[in-house]
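>>> A structural model of the following input is requested.
(chains A, B, C, D and E)
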Amino acid sequence: MDIATVIGLVSGTVFILLSIVFSGGRLGLFVDIPSVMIVFGGTLAALLVSYPLKRFLAALKTVKHAFSSKESDPTAVITQINELALAARKEGLLALEEIAQGMDDAFLQKGILLIVDGTDAELLRSILETEIAFVENRHKDNQGFWATVAELGPAWGMIGTLIGLIAMLDSLDDPTTIGPKMSVALITTLYGSLLANFFATPVSSKLKGISDQEVLHKQVMIEGLLSIQAGENPRVIEEKLKAFLSPAMRKNFEVPKNEEE
Amino acid sequence: MDIATVIGLVSGTVFILLSIVFSGGRLGLFVDIPSVMIVFGGTLAALLVSYPLKRFLAALKTVKHAFSSKESDPTAVITQINELALAARKEGLLALEEIAQGMDDAFLQKGILLIVDGTDAELLRSILETEIAFVENRHKDNQGFWATVAELGPAWGMIGTLIGLIAMLDSLDDPTTIGPKMSVALITTLYGSLLANFFATPVSSKLKGISDQEVLHKQVMIEGLLSIQAGENPRVIEEKLKAFLSPAMRKNFEVPKNEEE
Amino acid sequence: MDIATVIGLVSGTVFILLSIVFSGGRLGLFVDIPSVMIVFGGTLAALLVSYPLKRFLAALKTVKHAFSSKESDPTAVITQINELALAARKEGLLALEEIAQGMDDAFLQKGILLIVDGTDAELLRSILETEIAFVENRHKDNQGFWATVAELGPAWGMIGTLIGLIAMLDSLDDPTTIGPKMSVALITTLYGSLLANFFATPVSSKLKGISDQEVLHKQVMIEGLLSIQAGENPRVIEEKLKAFLSPAMRKNFEVPKNEEE
Amino acid sequence: MDIATVIGLVSGTVFILLSIVFSGGRLGLFVDIPSVMIVFGGTLAALLVSYPLKRFLAALKTVKHAFSSKESDPTAVITQINELALAARKEGLLALEEIAQGMDDAFLQKGILLIVDGTDAELLRSILETEIAFVENRHKDNQGFWATVAELGPAWGMIGTLIGLIAMLDSLDDPTTIGPKMSVALITTLYGSLLANFFATPVSSKLKGISDQEVLHKQVMIEGLLSIQAGENPRVIEEKLKAFLSPAMRKNFEVPKNEEE
Amino acid sequence: MDIATVIGLVSGTVFILLSIVFSGGRLGLFVDIPSVMIVFGGTLAALLVSYPLKRFLAALKTVKHAFSSKESDPTAVITQINELALAARKEGLLALEEIAQGMDDAFLQKGILLIVDGTDAELLRSILETEIAFVENRHKDNQGFWATVAELGPAWGMIGTLIGLIAMLDSLDDPTTIGPKMSVALITTLYGSLLANFFATPVSSKLKGISDQEVLHKQVMIEGLLSIQAGENPRVIEEKLKAFLSPAMRKNFEVPKNEEE
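Here you go, the predicted model:
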């Protein structure tokens, strides 16, 4: 699990608990099963109407990507392309086929096989860019799912509060019960707000960040593969690909290079 | 009817009913005919001003697509293209005309007939992509209709609540009636919120999902038809079209293929 | 006047009146001249600052398009193109000039005259598409005007309510007047919400629908004119243009054709 | 000053004053210096953090464009192009240089000089379109500035109200002061709302309208200049440029022409 | 530090303090540690879930750019390009290599080296525009980070207020404590609103302005480098690049030029 996610989830929970304690509230007051039901149940029910079952289950599972620590490194991609370029220089394009077998990146592998098959540069770019476009679309659908959760959560929180208020206002017999009843009615709004701002929105943001990085890496790969196919000098290829890095990453990248030399 | 939709609608209704019971409210309190009238009637009236009658009725009917379980399978499209490619290989492009007769997909049929007629590849792509663009536009209009419902619903809910509040505040003679009157005034806000978050927004989302999939299938068909026209190898075509599938679908796709072989 | 618009405006008004009656309010209570002044006057004043006078008056007049029943029929456009194609086949392109004289569609007329003048296909498309783009831009400006009304209305409703609340809170001497004064203060919010959700938003939606249809018809005309210029077969042209129709419209279109044959 | 702007500002102010009088409030109650400070001061402070000083001062000055009555006439642009076309026909392209000297439109002047210099048509279009793109970008920045004011105003209005409420709730000793204190607290919200809906949003809209018109005129100029360069017939050029006019403007345009003939 | 930022931060703080004093509140009342914790802590926690740790720390650091006074001058860029053009004219393109060594703008340096290496114009533009696109993307990510802060801040402010209200309403024993408790509950909403409207939104705006300017300068550099490569006249290059300046900047630019002559 990503260390920042752990710190975020734990510290956020601590801050909420402390806030409850400091406001003089009993912790038990904030755990209300019927409120859980209407907010989380209602949101879930609306999601089931919004998506086909398979799509719903698949989107739900993407939460694990948001919490994984598998942060890929763009400099690793450039190093890998560099090795391929050197191999292609020394042993020819056909030598890449063997290297491709041992790879675990299906996209890079596919690109190499297309080069080995003698695919035209224009077509190679078009095939790989189409694949990126579809990957990006699928990712956007998943981010959209969590953005929908972030909209439905507070809406169902308000639905719960409205139900509670309507019931309370209808029977104002005993004025001493007004406060506690309103208190309970507001808990659904709190749940909905937490679902959106402590969970669904951050998950959607995280998935977007991961997707952006994956797409960036695939773009680096395309540029690299096209340069290898064109028989460019490995040094030139490396220079070219470094345009994709941020200044900070470029600096990090140069340090190991200097050590190598 | 789609199983997820049924589960969603039933469970959502149960959660709402339970929430009412737990909040100590009488079920009858939440069924208020005048509130139904102002929220649903007002939303309907505003929709009738927003759309010509034909358009309004057509858009209303799209709700049945959102609830149908007819989930099309992208692997089926690829299998179908594959069979066409094999037939074209063995018996020539003209043999496709007969196969096209028995098809129930009008888009694929049209594409085949254009190939048989000897339409140029560039023109073929342009005609079929124009058709996709128009299909997508019509779908977006329908999603937009339900998104409009999701905006007007809560707005008319608030209009109902304002009318109730204004009437109540004008005659504050009997303080014991304030609660029940406010209670009734708030019911329209609840109705508007449910109309948006339990019905209209999910229907709009579902229609978008269905449209995206239909467009994807049509894109697969275009790529497949162009490859068939170009006389490409059926195995290569299959590989190419699989780029349109998600990794999960690709895996599913390979299992039946292994069984076939 | 469009029948849906009439039904919408009348039924919406009835629903609002019934809602007032059912909430126990006096109808007179909901008609408040000072509230009309601040909401409608304020919105108007802000619109006058937002637009030059001519632009403001022109945009205001577009409301009549939203209420007109002049719903143009895409199949009529195709039939018209078909007749032009037949005439061009039989009597040559120059014969179209005479037919163009009797037409009341300035766009189609202009296109025909350009063909008769021997304008190059590329230039013909570019001139007509430029005209479409400008038509669409002007329409978008008008939709934007009504969308602005839909934003300013509720804002000035709230300004009215704030003024009422501030005045009321400042002199809380007589508690029995609080209710009626708040009641009056809220009427401006009700007016603003009705202006937006019963009038301005629907008008903007309706104008968008009309514009989309006009643009679609003009696009059908461009494709038809280019096909006529290229000397394509009238049957082929008809087939091609039907891609612009929705499946439902296509079915309607075929019925009269069968009757003709 | 634009007549619509004057009417808008004066009538809006009158409506606000009348609304205050009708709500029974004292005018003095609505003028509160500390409220002015927190809303206008706070918004200004946030704007100073948002923009570098030069940029802030430049954007602030654009308010004068929104209030100027200098409404340019597209038909005047077409007439001007027409005169240039006639001169080019009679005396050759080089004769345009002299005419360009006396012009006060720097864009048209630049275009003419580029033609006289023998700039290639493709390059001419690219240079002038680049200039339009940059002009449009600068205008959008200015509209964005006022849109930011329209967002910050209500936000700082709410900040003022929150400060007032927190201070009031903390010392509820004397119940008779609650009303007046809340009354004062709400004035900041009123100020923020007026800043946005009576000033900043309309200014942003007006600037957008002016910018759209300037860009349209520059586009007409580009098309006209390219046609002059290509040596097209002045009558044809006039016809072509009229596609940029709305039907209403076209009608106005033809009247003077008939008078001339 | 940018002078406008200092004035903005100081004056904004003064306005807030004065507003507190004028509303009759004690300053101490507005400093509440538990409220700080839930608003700032909660926002931070949600940000940690939203971004990987490295990304979070990098984005946080961009705040220093928003406060720096390093405002780059577009006329300086044009002057620099002009000098390069003159050097290239006099001593040839190869002479630029030496000048490039002493430059501190890595982008311009890279462009010069590509020219000296004899890179093709088309490729030169494509490499440098790719670099701009990536720079712009990274900047947008940073602006997006602060925009996320501006959304999460008020959301966590409301979460704090809800917790306070729920706790207060649950124990309404002593009516005299209601006011002070609600007062404290509202402080989190105030903090959240200030975090968004006095800090995060302005920082995001400022970063956007800086980014737009940097991108503009890089575009000027590309156009200038391509013109130098094409061997255009330095005077012509200067004229061309001035299209990128606003009219005000153009005027400023001409003054020093006149002095030089």
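>>> gap between the residue of the stretch 101-250 of chain A found nearest chain D and E:A167?
Nearest residue of the stretch 101-250 of chain A to chain D: A:G179, at 16.1 Å (Cβ to the nearest Cβ). Every C-beta, even on glycine, is put in place using the N, C-alpha and C of the backbone. The spacing between A:G179 and E:A167, counted by Cβ to Cβ, to the nearest Å, is 11 Å.
>>> before we move on, back to that, what's near enough to touch the residue of the stretch 101-250 of chain A closest to chain D?
E:168-172 (Cβ atoms under 8 Å, 6 or more residues apart in numbering or on different chains).
>>> now swap in A:L169 and tell me
Here A:L169 is in contact with B:179-180, B:182-183, B:186 (Cβ under 8 Å, 6+ apart).
>>> quick check, pLDDT for it.
Note on A:L169: pLDDT of 91.
>>> which non-adjacent residue is nearest it?
B:S183 (3.7 Å; Cβ to Cβ, 6 or more residues apart in numbering or on different chains).
>>> would you mind confirming that that neighbour makes contact with B:L29?
Yes - between B:S183 and B:L29 there is a contact at 7.0 Å, judged by Cβ atoms under 8 Å.
>>> residues that sit against both of those two, list them.
A:166-167, A:170.
>>> so how far is the helix or strand containing A:G160 off the chain centroid?
Here A:G160, judged by DSSP states H and E, is contained in helix A:121-170. Helix A:121-170 sits 12 Å away from the centroid of its parent chain (Cα atoms, centre = their mean, to the nearest Å).
>>> mind listing what A:G8 touches?
Contacts of A:G8 by Cβ under 8 Å, 6+ apart are A:202, E:44-50.
>>> contacting residues around A:S183?
A:29, E:165-170.
>>> and the residue of chain A nearest chain D?
A:S23 (14.8 Å).
>>> now that residue, nearest residue through space, not along the chain?
Leaving aside its chain neighbours, A:S23 sits nearest to E:A167 (4.1 Å; criterion: Cβ to Cβ, 6+ apart).
>>> A:A95 and A:T119: what is the separation?
17 Å.
>>> could you check the angle helix E:121-170 makes with the helix or strand containing A:V10?
Take DSSP H and E as the rule and A:V10 turns out to sit in helix A:3-22. Orientation check (axes from the mean of the first three to the mean of the last three Cα atoms, to 10 degrees): helix A:3-22 against helix E:121-170 gives 20 degrees.
>>> past helix A:3-22, which element shows up next along the chain?
Sequence-wise, the next helix or strand downstream of helix A:3-22 (DSSP H and E) is helix A:33-36.
>>> buried residues in that next one?
Within helix A:33-36, the residues that qualify as buried are A:34-35, counting by 16 or more other Cβ atoms under 10 Å in any protein chain shown.
>>> helix, strand or coil for A:G231?
Following DSSP: H, G, I helix; E, B strand; the rest coil, the label given to A:G231 is coil.
>>> low-confidence stretches in the stretch 151-261 of chain A?
Under the criterion pLDDT under 70, the flagged ranges of the stretch 151-261 of chain A are A:248, A:251-261.
>>> quick check, the residue in it closest to chain B?
For the stretch 151-261 of chain A and chain B, the shortest gap (Cβ to the nearest Cβ) falls at A:A167, measuring 3.0 Å.
>>> dihedrals phi and psi, the residue minimising distance to the centre of chain A?
Geometric centre of chain A, nearest residue: A:L207, 1.1 Å, by Cα atoms, centre = their mean. Taking degrees, to the nearest 10, you get phi -60, psi -40 for the backbone angles of A:L207.
>>> pull the contacting residues for it.
A:62, A:65-66, A:139, A:142-143, A:146 are the contacts of A:L207 under Cβ under 8 Å, 6+ apart.
>>> likewise A:T119?
A:I127.
>>> next one: it from chain E, what distance?
Note on A:T119: its distance to chain E, by Cβ to the nearest Cβ, to the nearest Å, is 21 Å.
>>> touching, the residue of chain A closest to chain D and E:G164? I think so.
Yes - in terms of Cβ under 8 Å, A:S23 counts as a neighbour of E:G164; the distance is 4.7 Å.
>>> who touches both of these two?
Residues touching both A:S23 and E:G164 (Cβ under 8 Å, 6+ apart) are E:181, E:184-185.
>>> okay, now the domains of chain A?
With domains defined by automatic domain parsing, chain A comprises A:1-31, A:33-261.
>>> any chance of the ones you listed in a markdown table, with distance to B:G12 too?
Output for the domains of chain A, formatted as a markdown table (distance: least, Cβ to Cβ, whole Å):
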| stretch | distance to B:G12 |
| --- | --- |
| domain A:1-31 | 23 |
| domain A:33-261 | 3 |
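>>> which element is the residue in chain A sticking out farthest from the centre on?
In terms of distance from the mean C-alpha position of chain A, A:D173 ranks first, at 50.8 Å (Cα atoms, centre = their mean). A:D173 belongs to no helix or strand when elements are defined using DSSP H and E.
>>> how close does the closest residue to A:A4 other than its chain neighbours get to A:G209?
Excluding the flanking residues, the one nearest A:A4 by Cβ to Cβ, 6+ apart is E:L53, at 3.9 Å. In this view, E:L53 and A:G209 are 12 Å apart by Cβ to Cβ.
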